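*Asks:* my questions concern the predicted model and sequence given below.
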Amino acid sequence: MIQIYRGHWRPIAISQVFALLYVAFMIFIPMQVMIIINNYQDINAVIQNAVLIGIFAVLTGIFCMANTVFAVRIAEATGNFIRNGIFSRIQNFSFGNLDRSATGELLTRLTSDVYQINIGVQLSLRSLLMAPFAIIVSLVLVGITSPELLWILVVVLILSIATFGTAMYVMQKQFQTRQAKYDLVNNDLQEDMGGIRVVKAFVRQDYEIKKYRSINDGYREANVNPLHTNAITMPAALFIMGLATTLLVMFGSPLVVAGTIKIGAMLAFFQYTFIIIGQMWQLSMLMPQIVSAEASAGRLKEIWDTVPDVQDTKTPQPCTPGSVKGKIVFENVNFRYDPKSETDTLKNINLTIEPGQTVAFLGANGSGKSTLVSLIPRFYDASSGRILIDGVDVKDIPQENLRNIVSIALQKAFLFSGTIVENIRFGRPESSYDDAKAAAQVADADTFVSDQQDTYDARVARKGQNFSGGQQQRISMARAFAVKPKVLILDDSTSAVDIETEGRILDALPKFLSGITRLIVASRVSTALAADKIVVLEKGEIVAVGTHKELIKSSPLYMDIFDSQLGGLKKEDIS
Ligand SMILES: Nc1ncnc2c1ncn2[C@@H]1O[C@H](COP(=O)(O)OP(=O)(O)OP(=O)(O)O)[C@@H](O)[C@H]1O
Ligand SMILES: [Mg+2]
């Protein structure tokens, strides 16, 4: 919190001045009561002090209100600041960081955890400083007016601290568990919502309902526990209050009768005892909230302090996209997703791609095609070895710069809600409407977009659900083309596009983006046939590189793939 409030102390200080003024006026009221009772025969003094009580009461109200207004505003501003901060940190996560974070968990942190902090800040500003101040001043005033009875308040304080302190300790653990269970609820909800069509297709609603119920029940239990603990604090406060009253009557009354303390002082003592217990009770309401906010802050700090796996070097070498030729070299690259795992996903990759070449990557599912191409824009960093673009290690190029040079259409097309043109211009918002249209024409998306009533301004539903799989892929490719990169990666981007359309796209591409290097991950051999070079991957290793003509003779694996897909055709026809 200190980190967050650095440079924003003024409103907090003002709120606390209001809080202290509020307490100060509240606390002087019993003194006035004492003066009135002790001087009940002096009518002038009674009137004067009665008026003062009225004024103090009004001021108490005004300052209490002012403190609340400030507390609420600061708490809201804090929540807002944390949400923005966490959101931008998540945006800066690398792919690796994202792999390790469950979406539901991030959602809980951005919503429920921030809310806990919000309430914690609000209540703290309202009583964290004020309550101890009220307690101390009350003790001092009682010490001055009735020192003989001060020990009763000390007993009250010790009992309160012991009770509320223990409750706080227990609750802290319970709140942590509660939030962790809430993560589970949100993760399950998020996953189920994402896959609800699959659930229905396989008639697994009952299973999903049972699973959610069980997780939700766990959350209910975890939620109830701290409330149970908190429930003990209220009777405890009442018990302490009763005990204080009993002690006061037992030990105070004889002193009043003996004339050691005045009746006014005794009444003031009663009021101060209630102020102290009232404030202790306020603190006991506040403490669980602070504890809960603290547990939430710990969870948010994890995200706040996460260092992205992929970072720019301290001495980056920016390169002007215009001057990039697009030569790509993989030098002894090994890669594993989990540094702790025993095996590499990519093994000993050595590959040179000349500027302007079209290179196709073929291989079975899971052979490492997507992984290999994702290392070029640094979605992940190679575990060992280097990847060079025009002789410069990609790690030395600032990431933003790098992603202007390398553009990728990801294997899973994703569209944002909004319009088609917004989706196409996503990677280069400054490009014109006509640029977007031109990119869409190359991606063979122009025809179906033009058929829409609003053409390029047609609405795209959440996750692009109002478009077919192939249409989504074509808009996603248009988005990659519109960046006008020097290196274009299509990661199986035409898998849902029919072969004829795919042919048109691959033919039109060189005219639109002339001279750029193209890396095309393909699941169909037909996609790879025209490439300058075909790279065949098996279990994370490059097992063959060459043109179709070369590979058909030299690579048994390529031959197998070719036969299984295009075996119906005569090989001579194609070669
Ligand atoms: N984010 C990830 N975290 C951990 N392992 C991963 C991740 N992505 C892929 N893998 C693993 O890496 C291996 C290679 O996956 P990759 O996605 O590169 O294969 P691919 O050749 O693109 O397959 P496909 O043809 O199915 O797209 C697989 O065994 C997969 O389990
Ligand atoms: Mg893949």
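*Replies:* Yes, it's here. Ligands and ions are numbered 1, 2, ... in the order given.

*Asks:* now what about stretch 36-46, what contacts it?
*Replies:* I35, N49, A50, I53, K262, I263, G264, A265, L267 (Cβ atoms under 8 Å, 6 or more residues apart in numbering). In this view, the C-beta of every residue, glycine as well, is placed from N, C-alpha and C.

*Asks:* let's see that with 6 Å instead.
*Replies:* Contact with stretch 36-46 is made by N49, K262, G264, as judged by Cβ atoms under 6 Å, 6 or more residues apart in numbering.

*Asks:* residues from the stretch 401-550 of the chain in reach of ligand 1?
*Replies:* By Cβ under 6 Å from any ligand atom, the residues of the stretch 401-550 of the chain that approach ligand 1 are Q411, D492, S523.

*Asks:* against K347, how distant is the closest residue to the first one other than its chain neighbours?
*Replies:* Spatially, and ignoring its direct neighbours in sequence, Q411 is nearest to D491 (4.3 Å; Cβ to Cβ, 6 or more residues apart in numbering). Here D491 is placed at a distance of 20 Å from K347 (Cβ to Cβ, to the nearest Å).

*Asks:* now P30
*Replies:* Here the criterion is Cβ to Cβ. By it, P30 lies 81 Å from K347.

*Asks:* higher neighbour count, the two?
*Replies:* Between P30 and K347, P30 has the larger neighbour count (other Cβ atoms under 10 Å), namely 24 against 16.

*Asks:* give me the nearest residue to that one, chain neighbours excluded.
*Replies:* Nearest one to P30, counting by Cβ to Cβ, 6+ apart, is Q271 at 3.9 Å.

*Asks:* any idea which element that neighbour lies in?
*Replies:* helix 263-304 (DSSP states H and E).

*Asks:* which secondary structure elements does that helix sit against?
*Replies:* Counting by 3 or more Cβ pairs under 6 Å, 6 or more residues apart in numbering; DSSP states H and E, the packing neighbours recorded for helix 263-304 are helix 9-38, helix 114-127, helix 130-145, helix 150-194, helix 205-258.

*Asks:* these: which one's closest to ligand 1?
*Replies:* helix 150-194 (16.3 Å; Cβ to the nearest ligand atom).

*Asks:* now the closest one against helix 205-258, angle please.
*Replies:* 170 degrees (axes from the mean of the first three to the mean of the last three Cα atoms, to 10 degrees).

*Asks:* average pLDDT for helix 150-194?
*Replies:* Mean pLDDT, computed over helix 150-194, is 86.

*Asks:* what distance separates the strand or helix carrying T447 from the centre of its chain?
*Replies:* Assessed by DSSP H and E, T447 sits inside helix 446-451. Its chain's C-alpha centre and that of helix 446-451 lie 37 Å apart, by Cα atoms, centre = their mean, to the nearest Å.

*Asks:* please apply the same query to stretch 383-400.
*Replies:* On the basis of Cα atoms, centre = their mean, stretch 383-400 sits 29 Å off its chain's mean C-alpha point.

*Asks:* quick one on the thing from earlier: send me the next helix or strand after the helix holding Q271 as PDB with only the CA atoms.
*Replies:* As assigned by DSSP H and E, the chain's next helix or strand after helix 263-304 is strand 328-335. Extracted C-alpha coordinates of strand 328-335, given in PDB (Å, rounded to 0.1, in the frame of the first residue of the first chain):
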ATOM      1  CA  ILE A 328      16.200 -15.900 -40.300                       C
ATOM      2  CA  VAL A 329      18.700 -18.200 -38.800                       C
ATOM      3  CA  PHE A 330      18.200 -20.800 -36.000                       C
ATOM      4  CA  GLU A 331      21.500 -21.600 -34.400                       C
ATOM      5  CA  ASN A 332      21.600 -24.800 -32.300                       C
ATOM      6  CA  VAL A 333      18.200 -23.900 -30.700                       C
ATOM      7  CA  ASN A 334      16.800 -26.100 -27.900                       C
ATOM      8  CA  PHE A 335      13.600 -25.300 -26.200                       C
END
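
*Asks:* in the helix or strand just after strand 328-335, what's buried?
*Replies:* Downstream of strand 328-335, the next assigned helix or strand under DSSP H and E is strand 346-353. Neighbour counts over strand 346-353 (16 or more other Cβ atoms under 10 Å) mark L346, K347, I349, L351, I353 as buried.

*Asks:* repeat that for stretch 165-178.
*Replies:* A167, M168, V170, M171, Q172, Q174, F175, Q176, T177, R178.

*Asks:* contacting residues for Y212?
*Replies:* D188.

*Asks:* secondary structure element holding the residue nearest to L21 when sequence neighbours are not counted?
*Replies:* Once flanking residues are discounted, L21 sits nearest to F63: 4.4 Å by Cβ to Cβ, 6+ apart. Using DSSP H and E, F63 sits within helix 43-91.

*Asks:* so, low pLDDT: which residues of the protein?
*Replies:* Applying pLDDT under 70 to the chain picks out residues 567-575.

*Asks:* and the residue of the stretch 101-250 of the chain found nearest ligand 1, what is it in contact with?
*Replies:* In the stretch 101-250 of the chain, the residue found nearest to ligand 1 is S101; the distance is 12.1 Å by Cβ to the nearest ligand atom. Contacts for S101 (Cβ under 6 Å, 6+ apart) come out as none.

*Asks:* make it 8 Å
*Replies:* Neighbours of S101 in contact, by Cβ under 8 Å, 6+ apart: I90, F93, I303.

*Asks:* helix or strand: which one has the one residue sitting closest to the centre of the chain?
*Replies:* The centre of the chain sits closest to L106, judged by Cα atoms, centre = their mean, with a distance of 4.3 Å. Using DSSP H and E, L106 sits within helix 103-108.

*Asks:* understood, closing this out.
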